[in-house]
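Enquirer: 3D, please:
(one chain, ligands or ions: 1)
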Amino acid sequence: MSSGIRVAGGIAKHVKKKGAQQAAYQGIQFLKSYGQHILKNPMIVNAIVEKGGVKSTDVVLEIGPGTGNLTMRLLETAKKVIAIEFDPRMVVELERRVSGTPHGHNLKIISGDFLKVDLPYFDVCIANCPYQISSPLVFKLLSHRPMFRSATLMFQREFAMRLCVNPGDPLYCRLSVNAQLLARTTHILKVGKNNFRPPPKVDSSVVRIEPRSPMIDVNFREWDGLVRLCFGRKNKTLGGIFRAKTVLQLIENNYKTYKALQVNNGKGVSAMDMGSGGVGNVSSKMLGAATMGARKKGKFSQKGKKQYGLGADEKMDIDDGDEDGNGITSVDAVTPEFIRGLVEKVLNTDGFVDMRASKMSQDDFLRLLATFNEAGIHFA
Ligand SMILES: C[S@@+](CC[C@H](N)C(=O)[O-])C[C@H]1O[C@@H](n2cnc3c(N)ncnc32)[C@H](O)[C@@H]1O
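Expert: So this is what the prediction gives:
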């Protein structure tokens, strides 16, 4: 084992005193809490840039440039690199490293937290990501407009696999379904932990994320509300999940809220943040909620209904006090039996009752959501 301490870009050996360390190396001790695992293998750096499909005309967004190993390589390839770095010590080191180089003027550094800054325009995103913010990072990128071409990102292996796996895989989860609703995700490279300094505890993988174009037209918050319920017990049948007392109660409450808004406002539901329902309109806050918790109302759009096999006559727009055609115009008329009946009707459609989230495809979830909405049931 080295007797030195870790500094930007290498190991500082023979360091006797703290002061000496800073003078000799402008020393930066890597902080685990900031996910500072510097990529030290130039072959991996090259492979990431190559697989990222960076063109000479591209503006590249890099998240967490650290000491700049990837940044320097990107600057040789792209028109411009915009790097967002949280740690001011790294910002100083990066500025020092590019100053005087031929590409220095093509780098813009934004000093701040990626999750808090307004993102600039970019064509592609390339990053060895700070692993502690992996999930919100992905969904913040996917909510950015205008849409970028692709993101080539390094994550911890398990997180990377969860982004990419298909139904039936043991790692298939809510993250997989939500990410794949918005993008095509491909695992492109395995990277062993010894390619980093300091090595993290687990291996990593590089993933390519290509936003869908056009986006699937579904209200993301409502989609996530349903997916969250289904993956709460991903190996339980939908019958088991949706017949549970707590879930029926939740559905009843949602139904009443939805109904009350209609009764009070006429077109009340659309007046309240139900919008067109398309993911194209989704905000980063909403997408963050996809992995972190908040839920609000939404509805499956007409376009989405058509796309997923609902007839044009099965009207979803709310234009009177009885949008779901259930004959219920007052909140008081909504009883547990009534809700159970609606849920049974949905479960008995298309064999949903025996399906399990762990094996359901994106189309299965879209059809399930459309069928619930058709019955007047919303997830909020
Ligand atoms: C895994 S290191 C990657 C460093 C460098 N790109 C490399 O490959 O050698 C992650 C970097 O992200 C930075 N970072 C951590 N949290 C961040 C945040 N919320 N916003 C921006 N940068 C962050 C860390 O300071 C660190 O420099």
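Enquirer: sec struct for residue 120, please.
Expert: At residue 120 the chain is in coil, as set by DSSP: H, G, I helix; E, B strand; the rest coil.
Enquirer: my read: residue 176 touches residue 163, true?
Expert: Yes: between residue 176 and residue 163 a contact is recorded at 6.6 Å, counting by Cβ atoms under 8 Å. The C-beta positions use only the backbone N, C-alpha and C, and glycine is treated the same way.
Enquirer: which ones are touching the closest residue to the ligand within the chain?
Expert: Among the residues of the chain, residue 64 lies closest to the ligand, at 2.1 Å counting by Cβ to the nearest ligand atom. Contact analysis of residue 64 by Cβ atoms under 8 Å, 6 or more residues apart in numbering lists 35, 84, 85, 86, 114, 127, 128, 129, 130.
Enquirer: try it again with 6 Å
Expert: Counting by Cβ atoms under 6 Å, 6 or more residues apart in numbering, residue 64 makes contact with residue 130.
Enquirer: so residue 176 and residue 163 - more neighbours on which side?
Expert: Relative neighbour count places residue 163 above the other of residue 176 and residue 163, with 27 against 22, counting by other Cβ atoms under 10 Å.
Enquirer: so where do the strands sit in the stretch 101-250 of the chain?
Expert: Along the stretch 101-250 of the chain, counting by DSSP state E, counting those that start in this stretch, strands occupy 107-111, 124-128, 150-156, 183-191, 196-197, 204-211.
Enquirer: can you add mean pLDDT and give these back as JSON lines?
Expert: Formatted as JSON lines, those follow (pLDDT from 0 to 100):
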{"stretch": "strand 107-111", "mean pLDDT": "98"}
{"stretch": "strand 124-128", "mean pLDDT": "98"}
{"stretch": "strand 150-156", "mean pLDDT": "98"}
{"stretch": "strand 183-191", "mean pLDDT": "98"}
{"stretch": "strand 196-197", "mean pLDDT": "93"}
{"stretch": "strand 204-211", "mean pLDDT": "98"}
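Enquirer: tell me the most buried of these?
Expert: strand 124-128 (a mean of 25; mean count of other Cβ atoms under 10 Å).
Enquirer: which helices and strands does that strand pack with?
Expert: Helices and strands touching strand 124-128, as assessed by 3 or more Cβ pairs under 6 Å, 6 or more residues apart in numbering; DSSP states H and E, comprise strand 59-63, strand 150-156.
Enquirer: list the contacts of that strand.
Expert: Strand 124-128 is contacted from outside by 39, 52, 54, 58, 60-63, 70, 149-154, using Cβ under 6 Å, 6+ apart.
Enquirer: direction included, what does that strand pair up with?
Expert: Using DSSP bridges, the strands paired with strand 124-128 in its sheet are strand 59-63 (parallel), strand 150-156 (parallel).
Enquirer: sketch out the low-pLDDT regions of this protein for me.
Expert: Along the chain, segments meeting pLDDT under 70 span 1-26, 263-330.
Enquirer: so how far is residue 380 from the most centrally placed residue in it?
Expert: When Cα atoms, centre = their mean is applied to the chain, the residue found nearest the centroid is residue 139 (2.8 Å). Noted for residue 139: a distance of 19 Å to residue 380, by Cβ to Cβ, to the nearest Å.
Enquirer: likewise residue 81?
Expert: 41 Å.
Enquirer: likewise residue 251?
Expert: In this view, residue 251 and residue 380 are 10 Å apart by Cβ to Cβ.
Enquirer: tell me which of those two has more neighbours.
Expert: residue 251 (23 against 18).
Enquirer: what secondary structure does that one sit in?
Expert: helix.
Enquirer: check contacts around it.
Expert: Going by Cβ under 6 Å, 6+ apart, the list of residues near residue 251 reads 339, 377.
Enquirer: the protein against the ligand: which residues are in contact?
Expert: The chain has residues 34-39, 63-66, 69-70, 84-87, 90, 113-115, 128, 130, 133 near the ligand, with proximity defined as Cβ under 6 Å from any ligand atom.
Enquirer: among these, which ones are in helices?
Expert: Here DSSP state H is the test, and the residues of the chain next to the ligand give 69, 70, 90 as lying in helices.
Enquirer: and the helices in the stretch 151-300 of the chain?
Expert: 157-164, 174-182, 220-232, 238-242, 245-265, 268-271, 284-292 (DSSP state H, counting those that start in this stretch).
Enquirer: quick check: buried residues in the third one?
Expert: Looking back up the chat, that one is helix 220-232. 220, 221, 222, 223, 224, 225, 226, 227, 228, 229, 230, 231 (16 or more other Cβ atoms under 10 Å).
Enquirer: what is that helix packed up against?
Expert: In terms of contact count using 3+ Cβ pairs under 6 Å, 6+ apart, helix 220-232 is assigned the packing partners helix 174-182, helix 284-292.
Enquirer: what's the angle between the first one and strand 183-191?
Expert: Following axes from the mean of the first three to the mean of the last three Cα atoms, to 10 degrees, one obtains 120 degrees for the angle between helix 174-182 and strand 183-191.
Enquirer: contacting residues around helix 174-182?
Expert: Helix 174-182 is contacted from outside by 142, 162, 163, 165, 185, 227, 231, 290, 362, using Cβ under 6 Å, 6+ apart.
Enquirer: and the furthest pair within those?
Expert: 142 and 231 (18.8 Å; Cβ to Cβ).
Enquirer: any idea how many residues pack against residue 360?
Expert: If you count neighbours by other Cβ under 10 Å, residue 360 ends up with 22.
Enquirer: oh, I was asking about residue 121
Expert: Number of residues near residue 121 (other Cβ under 10 Å) recorded here: 11.
Enquirer: so what pairs up with the residue lying closest to it once chain neighbours are set aside in the strands?
Expert: Sequence neighbours aside, residue 59 is the residue nearest to residue 121 in space, at 6.4 Å (criterion: Cβ to Cβ, 6 or more residues apart in numbering). With DSSP bridges applied, residue 59 shows beta-bridge pairing to residue 80.
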